[in-house]
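Visitor: Here's my sequence, what's the structure:
(one chain, ligands or ions: 1)
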Amino acid sequence: MRTLIDNKMQSIYRDFRLNLTRYNVCYLKNLDFTKLMDIDYSNEFIQQYYLLRFYPAYLAEYYLMYSEILEEEKYDNSINILSIGSGCGLDYSAMKLAIRDNGYPNDIYYQGIDKYQWNYIESRDVKFRNICADIKNIDNLKEICKKDIDIIIFPKSIGEINGYSFNKLINLLVEYENYNEKLIILSSERQSFLNHDRNRLKQLNDRFIEYYDLENNLTIYYRTYNVRGINNLIKEFKYPDNIYQYLNNLHFQCLNYNKRKSHCKSPDDRLDRTRPILTAEHIVWDQTTLKLKEV
Ligand SMILES: C[S@@+](CC[C@H](N)C(=O)[O-])C[C@H]1O[C@@H](n2cnc3c(N)ncnc32)[C@H](O)[C@@H]1O
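Guide: Below is the predicted model of the structure:
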């Protein structure tokens, strides 16, 4: 995990600094990942900024999530994942790490769907496919998913899909027929949209239980655990020091930054919260386990 994070982050960091000459840092001022806003992830500078802040923390979270699933469930040879709002597919790398530590299954078939073409795609493996498609333009999942699905995952994405597309997605998922007898739906949520995200998941679950029996419905979070840093949970976790220092000081590069007052000319004009996540408080996911009804 440490090497993966370091390699990935150093390359994103290099590209981000190159882009700074083109965009300058004030371009990022109105971006607030804690609000429900339409974020233009098609912009590579925004992708880089997002990944610099969140890649390691989300990789760690998805690793914990998948590790728990692999501990509970037995997947003999392979596991088939459908990731919706997959971004660069970072939950795939998390699953690979979880499999490395769990010992099996031997194979992962991963299908990611995202509205935007992301850079820094996690793999070029033939079993990893990440297609660029807006849910609202998909008519049938059969063309997209070639295997029986074991897991549907929304990696920090369920709340970002707009209402129209989400309703369409529910129908697409419920009408799709190639699931395994046991189906797990995972939604890793954002603290700031918790109720919204949970509502979405409930809407989807309510439709699935027409065909499936509900085995389990769990919420897992680490907020109340006495853990401050993610590295207390995962020893291999390490956010690169040079990038941490850099992001922490990024606001000094704002064109309007006033050294004497220690902020930009207008407080509303500040580049805020540029720090990466290093603590475990953000970790929260819901897991629904379903079993096909006997007829
Ligand atoms: C917060 S990002 C999460 C990205 C990635 N899963 C991660 O963990 O970093 C949410 C993602 O949902 C995608 N998304 C939002 N609406 C979508 C839609 N209608 N169809 C497909 N993807 C969508 C966005 O493009 C974005 O990449």
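Visitor: Mind jotting down where the helices sit in the stretch 101-250 of the chain?
Guide: 163-175, 194-208, 241-248 (DSSP state H, counting those that start in this stretch).
Visitor: quick one: contacts for E210?
Guide: Contacts for E210 were tallied using C-beta atoms under 8 Å, 6 or more residues apart in numbering; they are V174. For every residue, glycine as well, the C-beta is placed using N, CA and C.
Visitor: quick revisit: closest one to S11 among the helices of the stretch 101-250 of the chain?
Guide: With C-beta to C-beta, the closest approach to S11 among the helices of the stretch 101-250 of the chain belongs to helix 241-248: 11.1 Å.
Visitor: got the buried residues for that closest one?
Guide: Going by neighbour count (16 or more other C-beta atoms under 10 Å), the buried part of helix 241-248 is I243, Y244, Y246, L247.
Visitor: The ligand contacts on the protein?
Guide: The interface of the chain toward the ligand, taken as C-beta under 6 Å from any ligand atom, is made up of 41, 58, 85-87, 90, 113-116, 134-136, 155-157, 160-161, 165.
Visitor: just the buried members of those?
Guide: A residue is treated as buried here by neighbour count (16+ other C-beta under 10 Å); on that basis the buried members of the residues of the chain next to the ligand are 41, 58, 85-87, 90, 113-116, 135, 155-157, 160-161, 165.
Visitor: so how far is the ligand from the closest residue to G89 other than its chain neighbours?
Guide: Spatial nearest neighbour of G89, chain neighbours left out: E122 (4.2 Å); criterion: C-beta to C-beta, 6 or more residues apart in numbering. For E122, the distance to the ligand (C-beta to the nearest ligand atom, to the nearest Å) stands at 10 Å.
Visitor: And N248, by the same measure?
Guide: From N248 over to the ligand (counting by C-beta to the nearest ligand atom), the distance is 21 Å.
Visitor: Hmm, that residue is touching L278, no?
Guide: No - using C-beta atoms under 8 Å as the test, N248 is too far from L278 to be in contact (11.0 Å).
Visitor: Could you chop the protein up by domain?
Guide: In the assignment given by automatic domain parsing, the structural domains of the chain cover 2-21+56-225+281-292, 240-269.
Visitor: Nearest residue to P276 in space, please, no chain neighbours.
Guide: Computed as C-beta to C-beta, 6+ apart, the closest residue to P276 that is not its neighbour in sequence is R53, at 4.8 Å.
Visitor: That neighbour contacts L278, correct?
Guide: No - taking C-beta under 8 Å as the definition, R53 is not a contact partner of L278, at 10.5 Å.
Visitor: check which helix or strand covers the residue nearest to P276.
Guide: helix 44-72 (DSSP states H and E).
Visitor: Could you list the low-confidence segments of the stretch 51-200 of the chain?
Guide: Within the stretch 51-200 of the chain, no stretch falls below the threshold (pLDDT under 70).
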